[in-house]
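Novice: predicted structure and sequence below. I'll ask about it afterward.
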Number of protein chains: 2
Amino acid sequence: MDPFGILYTDLYQLTMGQVYFRLGLHEREALFEAFYRKNPDYGAHQAGYTIFAGLDPLLTWMEEARFGEEELAALSALKSRSGKPLFAEDYLRYLKGIGGFQGLTLRALPEGRVAHPQVPLISVEGPLLQAQLLETALLNRINYETLIATKASRVREAAGEALVLEFGLRRAPAKGGEAATRASLIGGANRSSAVSLSHLLGLPSSGTHAHSMVQAFLALGHSEEEAFQAFAEVFPDDTILLLDTVDTLDSGLPNAIRVFERLRRKGHKPVGVRIDSGDLAYLAIQVARELDKAGFPDTLIVLSGDLDELVIWQIKSQIQEEAPRYGVDPDRLLKRLVYGVGTRMVVSWGYPALGGVYKLVAIRENGTWAPAIKISDSLEKVLNPGHKKVYRVYDRRGLATADLLTAHDEEVRENQALCLRHPTDPTKRRTLRPGEFTLEPLLEEAYRGKRLFPPLPLEVLQERRRRDVERLDPGVRRLVNPHVYHVSLSERLFALKEELVARLGQG
Amino acid sequence: MDPFGILYTDLYQLTMGQVYFRLGLHEREALFEAFYRKNPDYGAHQAGYTIFAGLDPLLTWMEEARFGEEELAALSALKSRSGKPLFAEDYLRYLKGIGGFQGLTLRALPEGRVAHPQVPLISVEGPLLQAQLLETALLNRINYETLIATKASRVREAAGEALVLEFGLRRAPAKGGEAATRASLIGGANRSSAVSLSHLLGLPSSGTHAHSMVQAFLALGHSEEEAFQAFAEVFPDDTILLLDTVDTLDSGLPNAIRVFERLRRKGHKPVGVRIDSGDLAYLAIQVARELDKAGFPDTLIVLSGDLDELVIWQIKSQIQEEAPRYGVDPDRLLKRLVYGVGTRMVVSWGYPALGGVYKLVAIRENGTWAPAIKISDSLEKVLNPGHKKVYRVYDRRGLATADLLTAHDEEVRENQALCLRHPTDPTKRRTLRPGEFTLEPLLEEAYRGKRLFPPLPLEVLQERRRRDVERLDPGVRRLVNPHVYHVSLSERLFALKEELVARLGQG
C-alpha cells in the first residue's frame, strides 16, 4: 500500500464518515475552511505575514487518491473492541464508489501569495464525507510548506539581492525534505543542493565540495592545496573552494588563491570560496581583502553554517561597520556574498509548526447555508462562521492595508464607504471612504472534481511572492516586531458572528 | 524520476565523487562515522540521551537505490558554467556500474537503543565514492527519526504507564509524517491515528471523532447529545466522545453521560471521553468525579491539545495536588488518563533539528587506516579520529555509566582496570577497577553489500528502548537538567587525538 495514498489520514476522518453515512448525511453539502490563527513567532523575532505554499502538491494528490483494493483491505481488517469489523461493508463499498475527491470544489489563495491569520487559505465545498476526509492531507501539506516558505521569505528579505542556496536536505524531516526544498524555493531561495528535487522542479542543483574531500587528501599525506588543485582541475569553470577545514585565513585562503592563480593562467575564471564556520562577517572581510589584493575582486564568497534571517542580518550589519576598518568597501563585499541556508530554514527554527486548522463553517440545510461555529474558551478561537468571501484591500499607495472577510452573498464596492470591523473586539472599527481603496478578491477556484490548472512553474509562484511582499507596508515586512496587519470582518459578518455566539452561549 | 531515489542527495556528493573518480581515489577504502554533538535542548528543558531511530528505512533504501536511466539523464543534463556537461560520460558509466551501495559495510547501534553525543551511531566502511555518496540520505533519515523518537521517549517517561496516542499527521512535515509516526512509536507512543502508516507498521490506528461532527449536527439544528448518540449507535463498543465543542462541563459531559447510560442499558461498555481544550487537569478531575458518580469509574479520559512531556508532567502534578479537594483519588484518575500527543512530538517542539553529522574518520593507505581529522575553532568540534570500537560500560548496579570509544585494534577487558578519558579535557579521567564494571560492544553489522537482517517488528525496537532507558541512571533520565552522561575515550584513542591535533596544528 502506498503510505501516501488516500489513507495518509487520521482514522477519525473515516469513523466520522461512517456516522455520516449511516445517518444519510454523507452527501450533505458542507463548507470547510483552512486557515491559521497566528503568524510564526520565532521567539526573538516574529513574522508579520506568511507565504502560502503546498497547494499544487495537494491538488495533484487529490486527483490521484483512491480507495483501491489495498486500502479497502486495510480498513476491513480494523476491528472494533467487540471483535467485529470497525467498518461495515456497505460503507466500504461506498468509499470505493466515490473514487477520490470528485465531489469537491476548492477555492484557494493562489500559491505563493502573502497570507494572513484567520483568513481562509482554502475553502472546500462538497459532500460532507469527502470534505471531512480531505482534512488531514490538506493540513499536512499546507501547514508545513507555508511554514517553510514563510521562513524562506524572511531569509530572502534579509539577504536582499544576494543569491540564497538551500542546503538543508541532511537535516530535513526525512521525506519531508521534498516539501522543504519546494517551499524554500517558492519563498525565496534561488537554488537548492538537492539533486532529484531540483530536477523535478526544473532547476539545476548547486554544490561543490565538503570538508571531507580536504580531509581525505590530508589523511593520504597530501595537502589542502593539492585537494583544491584536484577539484579545480576537474571543475575548472565551477571552482568554489571550502576554506575552513584546517584554518580559513592561515591555510584555506592562501591555498585557494594559489589554485585560483593557476586557473586564471589557464584561462579559467574561479567562481568562489565558501566559509562554513567561525566569525563569518569578520572572515568574509579578510577573505575579500586578500582576494581583492590577488586580483579576484568578483570571486563569490559563500557563507554557510546555521544561517537564518537574523544571522544574515547580523552578518550584513557587522560588515557595514567593520569592513571599512580593513579598507574593504562594505557595499561591494555584500554584493559578492552568497548565503547557503540549511537546517534553520527547512525546520523553521524557533517555530517548527504552523497550527493551521480545517473547520466546518457551514452546512447546507434546505437549500440555504447554515453557519457552523465552535464555541471556545477564548474569543480568538471562535470561528468566523458561514460561507464567506475574502478580499484584500489596498490603500491609495497600492499597499495592502487589510484582508476583509464578508458574508458570501454580500456586495462590497469600491465606490461605497467600507467599514472594517475587528474580528473579536466590538469597539474597534475603521471606515475607508470611496476612492481611498481598491478591492481584490483573493480566492480562486482551483479544483472542481479535478484540478482546474496544471502545475505552475516555480517562477510564477516566486513572482507572486515578490509582488505581494512588495505591496506590504514596510512595517509588516520587518523581521522583528512587525506591525499587525489588519484582518477585518464586514459589518454583516460581524453581526452574524455575534448572533451565533449569543445563541449558542445560551443553548 | 523517483524524488526519493539515489538522487535524494546533495549535489556536492556527486561533484566530489567525480574528483575522486578522476584521481583514481574513488575505490580507496574509507571509513565515515555518523554521530551528533549534543543532546536536544528544548530551551526550558533538556534531553539527557537520545533514542536512535531511522536505521531500518535507511537499509531498505540503500538496497534499492540505483543510478537508473532517469537519474543518469538528469545528471547528464547538468551544465558547467562553461556550458559543457558538469559530469563526464565515463564517470556516469561508472556510477551506473556500481549499482547502489554494494561496496559498503555498515556497523550500527541497534535501532531503538539509547544513544549519546559524540558516539558513532553508524560507521560506514567501503569505497570512498560510495561511502561519501551515502551521507545525505543517511543523515536525512537518522537525524529526523532520532529527534522524534527522543521526544517520544520523553513523552513516554512523563506519561508513565498511561497510553500515549500519536495524533500529529496534520502538523507533520508533509511526507515526513511517515518517519514521524514510525519514530514516535519507536520512542514510546502506543498507537497512532495515521491509518496507512499504522497499517504498514502492523498496528491498528486510533481515533474517534472531531469537533466538526458535533458542529455539523448543531448547524443542522440537532443537539450535541444527538451527535453523541449517533456516534454511539454506529460504534457502540468503541465510543469515545469529545466533550469540548460547546462547553466541557456544562454541555459535553452531561450529554456524554446520558449517551453512556443508554449504551450501558443496551449492554455496551462506553470507552471514554476526550477533552481537547481548557485547563485539562482541572477538567479531568471534574469529569472523573461526574463519571464516577454516574457509575462509569473505568471510562477513559483522553487528554489532547498541544501536549508534550512538560505539559503532561504539569497535568499530573496538578491532579495530584487538586483532585483530593474534589474528592477524587488522584492515583486512580491518573490510571484512567490517555494522552493524545500531536504537533509538539512530531516537530520536536523547542528543538526542531538534531545536528547529526557524517564525517570521514579514516582512509586506507597501504593497508593501514590513516586517521582523518578536521581542525576546528572549538575543541568540542575536533573529530575523534581513526577506526574505532564503541562500548557501553555498566556499573555494578547494571546501570550504564559511560560509553567508551577505543582504537579499533585495542583490547579492553573486564578483568583489567579501565581508564576513561574525557574527550577534550586532558585533566579529567576516571578509573574503574576490575569487577566494578561490565562492557557491552555497541555497534553491530547491519549491512554488507546488502542488509543483514530483515526489517524488525516495532515491538523489538520498543523493547530495546524500554530496556535501555531502564538501565540509565535516574539523573540522566529526568526531564529537566539531566546529569551529563559520560562519553569517554580510551587512553590510546586520547593520545592519538592529541598527536593528530598537534601535527595538523603545526602543518
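Specialist: Looks like it came in fine.
Novice: what residue ranges in the stretch 251-400 of chain A score low on pLDDT?
Specialist: For the stretch 251-400 of chain A, the stretches flagged by pLDDT under 70 are A:374-381.
Novice: got the residues of it near chain B?
Specialist: Contact residues (CB under 8 Å from any CB of the partner chain) of the stretch 251-400 of chain A with chain B: A:271, A:277-278, A:343-344, A:346-349, A:352-356, A:358-360, A:362-363, A:365, A:370-377, A:381. For the C-beta atoms, the positions are set from N, CA and C on the backbone; glycine is no exception.
Novice: which of those count as buried?
Specialist: In these, burial by neighbour count holds for A:271, A:277-278, A:343-344, A:346-349, A:352-356, A:358-360, A:362-363, A:370-376, counting by 16 or more other CB atoms under 10 Å in any protein chain shown.
Novice: so which of those residues belong to helices?
Specialist: The members of those that map onto helices under DSSP state H are A:T343, A:R344, A:V346.
Novice: which of these lies closest to chain B?
Specialist: Checking those against chain B by CB to the nearest CB gives A:T343 as the nearest, at 4.8 Å.
Novice: which residues touch the closest residue to that closest one other than its chain neighbours?
Specialist: Nearest non-adjacent residue to A:T343, counting by CB to CB, 6 or more residues apart in numbering or on different chains: A:R171, 4.2 Å away. A:R171 makes contacts with A:G342, A:T343, A:V346, A:V347, B:L139, B:N140, B:N143, B:Y144, B:A353, B:L354, B:G355, B:G356, as judged by CB atoms under 8 Å, 6 or more residues apart in numbering or on different chains.
Novice: A:N384: neighbouring residues, count only.
Specialist: When neighbours are defined as other CB atoms under 10 Å in any protein chain shown, A:N384 has 23 of them.
Novice: cool, and A:P457?
Specialist: Other residues close to A:P457 by other CB under 10 Å number 11.
Novice: that older thread, can you put the contacts of A:R171 in CSV and add distance to B:K450?
Specialist: As requested, those are exported to CSV (distance: CB to CB, whole Å):
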residue, distance to B:K450
A:G342, 31
A:T343, 32
A:V346, 31
A:V347, 33
B:L139, 21
B:N140, 21
B:N143, 24
B:Y144, 24
B:A353, 31
B:L354, 28
B:G355, 30
B:G356, 24
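Novice: which residue lies farthest from the center of chain A?
Specialist: Largest separation from the mean C-alpha position in chain A: A:G221, at 46.2 Å (CA atoms, centre = their mean).
Novice: helix, strand, or coil at it?
Specialist: The local conformation at A:G221, judged by DSSP: H, G, I helix; E, B strand; the rest coil, is coil.
Novice: distance of it relative to B:Y485?
Specialist: 37 Å (CB to CB, to the nearest Å).
Novice: returning to what we had before: so which of the residues of the stretch 251-400 of chain A next to chain B belong to strands?
Specialist: A:Y358, A:K359, A:L360, A:A362, A:I363, A:E365, A:A370, A:P371 (DSSP state E).
Novice: can you tell me the closest non-neighbouring residue to the second one?
Specialist: Spelled out, it's A:K359. Nearest residue to A:K359 in three dimensions, chain neighbours excluded: A:L383, at 5.5 Å (CB to CB, 6+ apart).
Novice: what sits against the one you found?
Specialist: Counting by CB under 8 Å, 6+ apart, A:L383 has contacts A:K359, A:V361, A:A372, A:I373, A:K374.
Novice: my read: the third one touches A:V361, true?
Specialist: To tie it back to what came earlier, the one meant is A:A372. Yes. Using CB atoms under 8 Å, A:A372 is in contact with A:V361, at 5.7 Å.
Novice: which residues do these two both contact?
Specialist: Common contacts of A:A372 and A:V361, defined by CB under 8 Å, 6+ apart, comprise A:L383, A:P385.
Novice: distance of A:H422 relative to chain B?
Specialist: According to CB to the nearest CB, to the nearest Å, A:H422 and chain B sit 23 Å apart.
Novice: number of residues surrounding that residue?
Specialist: A:H422 has 15 neighbouring residues, counting by other CB under 10 Å.
Novice: for it, which residues are in contact?
Specialist: Neighbours of A:H422 in contact, by CB under 8 Å, 6+ apart: A:K428, A:R429, A:S488, A:L489.
Novice: can you tell me the SS state at the residue of the stretch 51-200 of chain A found nearest chain B?
Specialist: Closest to chain B within the stretch 51-200 of chain A is A:G176: 2.5 Å, counting by CB to the nearest CB. Under three-state DSSP, A:G176 falls in the helix class.
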